[in-house]
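K.L.:
need a 3D model of the sequence below.
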Amino acid sequence: MHLLGPKLIADWKSLGVPCSRPDEVYLRLDSLFEPRGSEPAIARALLIPMPHYYGNEEFRTALGLTLEDEHAEHPIRGVKLHLASAGFRFDDAEHVAALSNTVCWAHARDLLVLLHLDPQRHGLVTAHLRRRLDEVFGPLPSMRVVITHVSGSGGFGPWPRSVLETIATWLDSEQAAGRPRREFFVDLSTVPLIRESEGHPPSTDEEISALAPAVRRLGIDHVLFASDYPVFDPRDQAVFLRERCGLTEDELTALFAAPIL
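P.N.:
Got it, this is the predicted structure:
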């Protein structure tokens, strides 16, 4: 679940970027931790700020900021790397080396890496992705990693399905080589899409029915529940998964009870 600061909201608005929800929805999460009708309250959550916007060259330039202005020191438990926002290219050796260095830096500090991986915009195919998994994460078998949105920007179409299969195959090979990746996860934020969002249509019945087999192929222990709040309410996402996606009660229990990383 994303939590935004008042400065980021003010910077957004100063550039004419519309906010689809009232400011307090982005700033406060109190209501989510209270029961809603017959639904229980959320017990705990992983809160993710949105400073990666200041790493976006277009956003930073529009605000008249420099790279030095982007730097800040905060007590953190993890690092979010939004590769699409940063203009990252998987076919650029310097970019890949920088990603490897950042991941190594996080690993040395026992930090979680939250990776927003949406590389299809730059023509990456799953064969390339497999090589990058080996290069970036291969030397760090204990690295804690979450691939957000099952690698896409919402929904469960052909691309996220192919990436999920690639990750599952890679995890199988790592297990066979004696390097079990117990803390390598994907999350289900905006997967499936329960309604249209930012130009992405809601998931089709075919996409929804494909999710449970793909989750089982990867292994429920490698899958995390997530909502992308405030875009989607986690309670609505949970109901949709329970009622529409064909997961068993045991699988849902494991999914919803996963520990905070």
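
K.L.:
report the spatially nearest residue to Leu114, omitting neighbours in sequence.
P.N.:
Counting by C-beta to C-beta, 6 or more residues apart in numbering, Leu114 lies nearest to Lys80, which is 4.4 Å off, once chain neighbours are set aside. Every C-beta, even on glycine, is put in place using the N, C-alpha and C of the backbone.

K.L.:
in the stretch 101-250 of the chain, which spans are helices?
P.N.:
126-137, 158-176, 205-218, 234-244, 249-256 (DSSP state H, counting those that start in this stretch).

K.L.:
the shortest one - contacts with which helices or strands?
P.N.:
What that stands for is helix 249-256. The elements that helix 249-256 packs onto, with contact taken as 3 or more C-beta pairs under 8 Å, 6 or more residues apart in numbering; DSSP states H and E, are helix 205-218, helix 234-244.

K.L.:
how about those helices in a markdown table, adding mean neighbour count?
P.N.:
As requested, the helices and strands packed on helix 249-256 are exported to a markdown table (neighbours: other C-beta atoms under 10 Å):
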| stretch | mean neighbour count |
| --- | --- |
| helix 205-218 | 17 |
| helix 234-244 | 17 |
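
K.L.:
wait, which of those is closest to Ala226?
P.N.:
Ala226 lies closest, by C-beta to C-beta, to one member of these: helix 234-244, at 7.8 Å.

K.L.:
circling back: just to check, the residue nearest to Leu114 is in contact with Tyr53?
P.N.:
No. If you go by C-beta atoms under 8 Å, Lys80 and Tyr53 don't touch, sitting 10.9 Å apart.

K.L.:
could you list the low-confidence segments of the chain?
P.N.:
119-124, 260-261 (pLDDT under 70).
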